[in-house]
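# Fold the following for me, if possible:
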Amino acid sequence: MTYDRLVCANCAAPVSEGRCPVCRANRERLQQENFFAGLTPVTLIALLAVLIAAVALLAHQSA
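Numbering: from 1, shown residues only. Down below sits the predicted model:
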């Protein structure tokens with residue numbers, strides 16, 4: 001899950017803004033748990049598209 005959509009129960013602000021100590025602590029915890037946790041879905045789709053293009057290019061060159 002990305003933390004850019006989470007809302008803090010302590011201050012009712014987005015966790016990604018880190019307005020209060022609770023937000024900042026949770027933001028750091030989420031970033032440490034998983035490298036992909038901080039990436040947006042659009043970024044993940046772009047990375048997947050680049051990976052598919054690279055595999056297609058390698059397949060085309062080896063054929």
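
# pLDDT value on the closest residue to P14 other than its chain neighbours, please?
Nearest residue to P14, sequence neighbours excluded (C-beta to C-beta, 6 or more residues apart in numbering): V7, at 6.1 Å. To be clear about C-beta, it is placed using only N, CA and C from the backbone, and glycine gets the same treatment. On pLDDT, V7 comes in at 85.

# Where does pLDDT dip in this protein?
Applying pLDDT under 70 to the chain picks out residues 1-4, 34-38.

# Closest to the centroid, which residue in it?
What sits nearest the mean C-alpha location of the chain, by C-alpha atoms, centre = their mean, is L39, with 1.5 Å.

# host element of C11?
Counting by DSSP states H and E, no helix or strand carries C11.

# residue contacts, it?
Taking C-beta atoms under 8 Å, 6 or more residues apart in numbering as the criterion, C11 is in contact with 19-20, 22-23.

# switch the cut-off to 6 Å
When contacts are counted by C-beta atoms under 6 Å, 6 or more residues apart in numbering, C11 touches 19-20.
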